[in-house]
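Chemist: Sequence and predicted model, in that order:
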Amino acid sequence: MLVGENHRVLHSTRHSPIEFGKDVISLDPDGTPCAFQLKGNPGGRLTLTQFREIQAQLVQLVTQAIAYPGVPDMPHQSYLVTNGLVEEEVQQAIRGMNQMWERNGYGADALLVLERGSLLERATRLGASLWPFGIADLGALIDMLSHQGDDVLPIAKMHTLLSGMYRLARDENIPSGAELQRLVTSAALLVAVAMRNFEQKDNHFAIASAWILFSIYTISACDRAGELPREKIADSITVARGAIFDAIADLADEVVNRQHLTVGPGMADTEFYHPRAALISGLLSSFWLWCRRDGIVLPVLASVEKHLPTIFNERALWGEGALPQFLAHYWYISRRDASWRPELMLADLLKRVMYRQLGRQAEPLATPYYSIDDVVRHRFLTELGLGLADDPFDDTGFRYASYFAEGLLHLVVRANLKQQCKTLWPDYTRLHHRRFEVAERWQYCTAHSDQGLEHITVVPLRGEWYLLELDAARIETPKVPSPLRNDPILLLLFTILVPQRATPDVIRFLGATFSDVWFIEPARPRDHSA
Amino acid sequence: MLPDWPSPKREIVRALMRHVRVRVEDRSITGIATSPVHEGHGTSIHRADGTVDERPFERAGAEIAIPVEAIETESLQGIFDRMDGIIDTLARAKSEALFRTVGEATRAAGTATNAGGQPITAELLLQAWEKLNIDFRANGQPQWPTTVIHRSQQDRFIVERARLESEPMLRQQLIELINRKREEWIAREADRVLVG
């Protein structure tokens, strides 16, 4: 809404270094800094008791200067935002505080209150520029709203919703310029509405997933229009990043304060427990890498470090779709453990993947196009009372092929584990190495593309170490739009959601970004010192 | 709109499509592992010798027209029976596409053997196997390639395959071929090395 009102949003997160002390920081159209404190009271009222709980924060909001890069050194306007109503006693208390602040030189109405009525009025005023009247597929929105909100985000439905919004499936009438800006604002609102039930359930992973996809599809729409995300669009992505960060931070808070990771009826959780644990490890590792990269220090990080295992969970390897989670976890472990142990773990992971795909150990892993629920349905078809028609795998075979062996091998090569690579090589040559390459760059940022080629590579039996080093040293990602490449955290999170996009070139790039392991010639490119 | 029951009808359409698919597979070549491609418009195979074979997907389709009168008079079983009309067409299209692709690939790789319109013989089988890479199990037994033949050739194939065991000269040739192929396989496996 702020973006729609031509504010420039500089910061939007509840989990940030304490010195910011504001949920949202923006510059209004006149350049005046604005600080917002958010208080959720959906369908209710902000009572005096609740107000007393946040009073100290409000004093800080008004009286402390905004210490944020890019904010001009001038008095700011403070806002308390609630999606409920404000009780009369609270309004009286705020009037009293404002009078005191005015006497102390903070100006009149130092703290303004935006309550539900005010928010609705602003939404009405923005009208067509806010609400997506052009939604092609309202059914997708209804579909999303029909979810209970306690499951993982239905990515196919989000794909339909966002592709429809940005008209990605059409070859004509490609939105650009001001129209694209309007669509981005609308799409953000649409995602927020679609996530209503997930928000109510505090489904942190689903919320993060939705904003990851919003950001990625927005980048896609910009790339398709031949534009870089600027102004309102860039601001929308910044706000979405804040929401992603908050959701994962909330997940971290919940995880570190729980006794165990089981959810729902325990008797039905056996097949999901370890995949959930690996997913959480992948997400919290990404969160840790994010904080490290942006220099964010949060109290919860110490607990995250205590929670995150320092070894891989073998029982969590349910399919190749889990491997981006393992990779995020590996990059975290590698950062925390300076020995060779993490790299040897990675080599062992590659060995296990190849053993599975060659049929030497258990069933081959499903390709990254299948989810954990597909795998469980397939494995327990009879027990679940399902017929052959319900088998997600049908008569598909996964043997002798891997989408991840190439990327994993190249990371092991970078660690210069030549002996391990020589041992792994014979099995590596027995596999078909698969990857999907989109036809156009913007298509990379979608969960499904009708245009592109499935590459199947058979490597020569005899390999040369120096050629392998050259391949492992490549970090170009020609099919990834530059705004996404410049935001490797978002890219990493996207690969966790849509694992088929973790192609070998993306794995090599992310490895160069998040890891300092590079013990081969040629040297690491200068702009990629991890 | 008129009253309708879309949910069970979606299930019925799904069942009809599955029925067609299963029957098409029954009439097509069996025993070939399938690996679906979930997105894109084609495949690109990069071989170890550096050659690349890029192909768009081929669409196999067939049409069926069900008159309104049939819907008024027939049961669902009747509609299932009517699907038989497109099953043969689809199975033929699928097999033709497969043979075309395999034919082009084998000709390019030099592994094709042309029988010149003559019936299959034991000698022809030896000639064809000679051109192939044959893998071996840990116990030293060859993993013979799957042979796909037309039904009309099935009996003859069994007879000719038996000749390889029963006729001493052919048997000797087969043993020599197996030994040669085993050596090739051992050399191939030994060549799976990373050097440098």
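Modeler: It's in.
Chemist: And for residue 85, nearest residue in space, chain neighbours not counted?
Modeler: With no chain named, the answer covers chain A. residue A:45 (4.8 Å; CB to CB, 6 or more residues apart in numbering or on different chains). Using the backbone N, CA and C atoms, a C-beta is placed for each residue, glycine as well.
Chemist: let's do chain B instead
Modeler: Using CB to CB, 6+ apart, the closest residue to residue B:85 is residue B:64 (5.7 Å).
Chemist: Near the one you found, how many other residues are there?
Modeler: Residue B:64 has 13 neighbouring residues, counting by other CB atoms under 10 Å in any protein chain shown.
Chemist: Which residues are in contact with it?
Modeler: By CB atoms under 8 Å, 6 or more residues apart in numbering or on different chains, the contact list for residue B:64 reads B:82, B:83, B:85, B:86.
Chemist: how about those in a markdown table, adding secondary structure, neighbour count and pLDDT?
Modeler: What follows is those, written out as a markdown table (DSSP: H, G, I helix; E, B strand; the rest coil; neighbours: other CB atoms under 10 Å in any protein chain shown; pLDDT from 0 to 100):
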| residue | secondary structure | neighbour count | pLDDT |
| --- | --- | --- | --- |
| B:82 | helix | 15 | 88 |
| B:83 | coil | 17 | 88 |
| B:85 | helix | 12 | 82 |
| B:86 | helix | 16 | 88 |
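Chemist: Among those residues, which one sits closest to chain A?
Modeler: Distance to chain A, by CB to the nearest CB, is smallest for residue B:83 among the contacts of residue B:64, at 15.5 Å.
Chemist: Check the gap between the closest one and residue B:165 for me.
Modeler: The gap separating residue B:83 from residue B:165 is 44 Å, by CB to CB, to the nearest Å.
Chemist: where does chain B have low pLDDT?
Modeler: Low-confidence segments of chain B (pLDDT under 70): B:30-31.
Chemist: Strands of that one, residue ranges please.
Modeler: All strands of chain B, identified by DSSP state E, fall at B:42-46, B:52-56, B:135-136, B:142-143, B:194-195.
Chemist: wouldn't residue B:149 be in contact with residue B:120 here?
Modeler: Yes: using CB atoms under 8 Å, residue B:149 is in contact with residue B:120, at 6.9 Å.
Chemist: List the residues that are in contact with both of those two.
Modeler: With CB under 8 Å, 6+ apart, residue B:149 and residue B:120 have common neighbours residue B:157.
Chemist: which of the two has more neighbours?
Modeler: Legend: neighbour count by other CB under 10 Å for residue B:149 and residue B:120, higher for residue B:120 (19 against 10).
Chemist: So which elements touch the strand or helix carrying residue A:9?
Modeler: Here residue A:9 is covered by strand A:8-12, with elements defined by DSSP states H and E. With contacts taken as 3 or more CB pairs under 8 Å, 6 or more residues apart in numbering or on different chains; DSSP states H and E, strand A:8-12 sits against strand A:24-27, helix A:231-256.
Chemist: what angle do the helix or strand following the longest one and helix A:231-256 make?
Modeler: Which is helix A:231-256. Note on helix A:231-256: by DSSP H and E, the next helix or strand toward the C-terminus is helix A:270-294. Counting by axes from the mean of the first three to the mean of the last three CA atoms, to 10 degrees, helix A:270-294 lies at 130 degrees to helix A:231-256.
Chemist: buried ones in helix A:270-294?
Modeler: A:271-291 (16 or more other CB atoms under 10 Å in any protein chain shown).
Chemist: Quick check: next helix or strand after that helix?
Modeler: helix A:300-307.
Chemist: Which positions within that following helix qualify as buried?
Modeler: A:300, A:301, A:303, A:304, A:307.
Chemist: Now render those residues as TSV, adding pLDDT and distance to residue A:429.
Modeler: Listed next are the buried residues of helix A:300-307 as TSV, based on pLDDT from 0 to 100; distance: CB to CB, whole Å:
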residue	pLDDT	distance to residue A:429
A:300	92	45
A:301	94	42
A:303	95	44
A:304	96	40
A:307	95	39
